[in-house]
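1. model this:
(one chain, ligands or ions: 1)
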Amino acid sequence: MSEPYLPPRKGSIKNPLRIAVLISGSGSGLLALLNHQQSNQSPHITKLIISDNINAGGLRYGEDFGIPAVAISLPDSVSKIEQRIMHENLIHDKLMNYDIELVVLSGYMRILTSTFVSKWKGRLINIHPSLLPKYPGAHAHRDALADGANMTGCTVHLVDEGVDTGEIIAQEEVEILDGDTIEELQERVKKIEHQLYPKVLDTFCSKGV
Ligand code: GAR
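-> Residues are numbered from 1 along each chain as shown. Below is the predicted model of the structure:
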């Protein structure tokens with residue numbers, strides 16, 4: 001059954017929402033967000049960085065910005081579903097320990113179970129590198145190029161129980177150029193993401209309830 005979205009409280013500059021950023025890789029989006037928070041008065045503040053990947057390059061930004069950054073790897077388990085649930089329970093416990101109010105997925109490449117989503121729905125936000133509902137999943141740029149599309153972009157959306165199906169908050173277009181490789185397209189989309197996500201978070205966090 002699908003749960004309703006429960007938004008976070010209203011954040012303010014004086015009392016910003018406590019954010020955890022979840023990453024899996026290089027963390028360029030995380031870096032853009034941290035720079036934004038550092039140089040603007042913002043209704044959100046990053047209090048915790050979590051990666052599912054111990055080798056994620058983005059973990060180093062924790063040290064650079066004085067923010068706790070932890071890798072939580074998949075635990076050993078007999079079944080895949082049990083492993084996912086155990087992993088998410090470890091993440092959830094960490095989020096609770098740090099009084100996190102909003103979970104920001106920024107290049108987090110695992111699909112979250114509906115058990116985890118139900119605990120955070122409305123306070124769980126993602127950026128995806130396509131104009132959803134086009135090209136959901138882990139290979140958005142590959143799929144856009146294979147489709148012969150001449151336009152793609154990025155989408156900020158709330159996370160629901162499906163894969164990249166949650167309520168869309170904002171989108172921005174990026175043109176696909178003749179001969180674009182996956183890497184070239186990814187870099188151009190990331191540049192737009194780095195502006196869009198912090199801006200959308202400012203608006204989202206200052207709305208609240
Ligand atoms: C970003 O382009 C983000 O939209 C994408 O991964 C990249 C992370 O880059 N996310 C997904 O594909 C989620 N399905 P980064 O690690 O350099 O921030």
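2. going forward, measure contacts between C-alpha atoms and count neighbours the same way
-> Fine.
3. Just the buried positions in stretch 78-85, please.
-> Along stretch 78-85, these residues count as buried under the neighbour rule (16 or more other C-alpha atoms under 10 Å): 84, 85.
4. neighbouring contacts of it?
-> For stretch 78-85, the external contacting residues (C-alpha atoms under 8 Å, 6 or more residues apart in numbering) are 74, 75, 76, 77, 113, 115, 116.
5. what's the distance between residue 190 and residue 14?
-> Using C-alpha to C-alpha, to the nearest Å, residue 190 is found at 30 Å from residue 14.
6. Pick out whichever of those two has more residues nearby.
-> Neighbours were counted for residue 190 and for residue 14 using other C-alpha atoms under 10 Å; residue 190 has more, 19 against 10.
7. Would you tell me which residues of the protein are close to the ligand?
-> Contact residues, the chain versus the ligand (C-alpha under 6 Å from any ligand atom): 25-30, 106-109, 127-129, 137-138, 190.
8. Which ones among the residues you listed lie within strands?
-> Using DSSP state E, the subset of those located in strands is 127, 128.
9. which among the residues of the chain next to the ligand end up buried?
-> Among these, the ones that count as buried (16+ other C-alpha under 10 Å) are 25-30, 106-109, 127-129, 138, 190.
10. Now for residue 119, how many residues are close by?
-> Neighbour tally, residue 119, other C-alpha under 10 Å: 13.
11. so what pLDDT did it get?
-> We have a pLDDT of 97 for residue 119.
12. next one: phi and psi at it?
-> phi -80, psi -20 (degrees, to the nearest 10).
13. quick one, helices of this protein?
-> For the chain, helices defined by DSSP state H occupy the ranges 28-39, 60-65, 80-97, 114-120, 140-146, 182-207.
14. would TSV of those with distance to residue 3 be doable?
-> Below are the helices of the chain laid out as TSV (distance: least, C-alpha to C-alpha, whole Å):
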stretch	distance to residue 3
helix 28-39	28
helix 60-65	33
helix 80-97	18
helix 114-120	6
helix 140-146	27
helix 182-207	20
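15. Residue 131 versus the residue lying closest to residue 150 once chain neighbours are set aside, what's the distance?
-> Leaving out its chain neighbours, the residue that sits closest to residue 150 by C-alpha to C-alpha, 6 or more residues apart in numbering is residue 176, at 4.8 Å. Distance, residue 176 to residue 131, using C-alpha to C-alpha: 12 Å.
16. can you check residue 55 too?
-> For residue 55, the distance to residue 131 - C-alpha to C-alpha - is 29 Å.
17. Looking at these two, which is more packed in?
-> Taking neighbours as other C-alpha under 10 Å, residue 55 and residue 131 compare with residue 131 leading, 22 against 13.
18. Look up phi and psi at the more buried one.
-> In terms of degrees, to the nearest 10, the main-chain angles of residue 131 are phi -90, psi 90.
19. Can you report how many residues lie near the closest residue to residue 132 other than its chain neighbours?
-> Leaving aside its chain neighbours, residue 132 sits nearest to residue 155 (6.3 Å; criterion: C-alpha to C-alpha, 6+ apart). When counting by other C-alpha under 10 Å, one arrives at 24 neighbours for residue 155.
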